[in-house]
Structure formats: structure tokens, C-alpha cells
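Asker: missing the sequence, but the structure's below:
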């Protein structure tokens, strides 16, 4: 029984990650690949645990930037660990929180629920994308300058994904909402980085 549950959970994760990525090519149709139920809403938050590999890669890069050798162990600076974890989670949570603060009635809208589910899964994909240049830098295969250029390339993909999530989830209002939301997400990302003193 447990094996069946684990297999179903893995299938759900794979389908949700694939669905969030497909939002860039299939638009609203890709929402059908996500579990948009109440249970799916809460599972999209539990799925934050899937960011562990990305967290490790970004932590390793952050340690090097801070002048801390990774040979001493990744978790020897607890404050930095909490900063990286906090920044990754807050970067996903910030935009939905801002929308609720600006328009509290959105909390009751089905489209907003769909947006949050898609946004959360896309956030996991985004963290994984941004972890690629971080990992390459952490293992010494790129210089800080090259890592910055690579990060900018992956960041462009992340912004495109965010735009497509908003456009698909909000239906007819999507195009009008998506661009301001992306601008807000960039500002919030910068604020999160500054808040936690990273990079």
C-alpha cells in the first residue's frame, strides 16, 4: 500500500512540474496537468521540499561568495543556511502575498487558487533553473563573472515562465495582469536578496 502511495505521489509531482513548464508552450491548456483542487493547493506548498537540491547548490555558491570554503562543510554557517532557505521560499510566496494585500477579495477567487498552485510549482522549476549556474560556479567550472552571465540567461527563462503562469491562470485578465506582476516579482526578488544579504 505504501509503495502505491509513493508511486502516485511521484507521478503527481512529475505531472505538476511538467504541467508548470508546459504553461510556456500550451498556455491555459496546461493547467489541466495540475491538481487544482483544495488538496492540490496544499500539496503545492508541501512540494517546496523538492527545492532541497537547488538549496544545496545555491548554498554552496553563497558560501564561496562569502569567502567560506565548502570543504569545511555546507552547514557550518547556520545563519547563511537560513538565509538561503528563507530567500528561496520567500521569493515564491512574495507575489501571491502582495496580490492578496492589494486585493483581499482575490483570496476567494478560483482563478487565484489556480494561480497560486501553478506559481508554486513554477517556483520549484525556477529554483532548479537558477541552481544550474550556482552549481557550476560552486564546483569551480565558472568564474564569478561567467556565473553572473549564466544566471541572467536562466533568470530570463524564469521571468518568461512567471509571465506565462499569470497569463494562463487569470484567463481574460491574464495579459493585463502578467506584465505588472512580473515587474513586481523582480522588485520583490531584489528586496528578498537584500533582506537576507545574499549575493
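Answerer: That came through, no problem. This is a predicted model, so every value here is computed, not measured.
Asker: was I right about residue 100 contacting residue 107?
Answerer: Yes - taking Cβ atoms under 8 Å as the definition, residue 100 is a contact partner of residue 107 at 5.6 Å. Where C-beta positions appear, they are placed from N, C-alpha and C, glycine not excepted.
Asker: Test for you: state the pLDDT assigned to the spatially most central residue of the chain.
Answerer: Most central in the chain under Cα atoms, centre = their mean is residue 123, positioned 2.0 Å from the mean C-alpha point. On pLDDT, residue 123 comes in at 95.
Asker: Next: residue 110.
Answerer: Value for residue 110, per-residue pLDDT: 85.
Asker: Could you report the neighbour count for it?
Answerer: 9 (other Cβ atoms under 10 Å).
Asker: switch to numbering from 13
Answerer: Sure, I'll start counting at 13 from here, so that last one is residue 122.
Asker: Relative to residue 153, how far out is it?
Answerer: Here the distance between residue 122 and residue 153 works out to 45 Å (Cβ to Cβ, to the nearest Å).
Asker: biggest helix in the chain by residues?
Answerer: helix 122-150 (DSSP state H).
Asker: That helix: what's the following helix or strand?
Answerer: Counting by DSSP states H and E, the next helix or strand C-terminal to helix 122-150 is helix 156-181.
Asker: Quick check: closest non-adjacent residue to residue 88.
Answerer: In this structure, residue 88 finds its nearest non-sequential neighbour in residue 80, 7.4 Å apart by Cβ to Cβ, 6 or more residues apart in numbering.
Asker: before we move on, back to that, what's the longest helix of the chain packed up against?
Answerer: Counting contacts by 3 or more Cβ pairs under 8 Å, 6 or more residues apart in numbering; DSSP states H and E, helix 122-150 packs against helix 14-38, helix 50-58, helix 64-77, helix 90-114, helix 156-181.
Asker: between the ones you listed, which one is nearest to residue 200?
Answerer: Residue 200 lies closest to helix 90-114 among the helices and strands packed on helix 122-150, at 4.2 Å (Cβ to Cβ).
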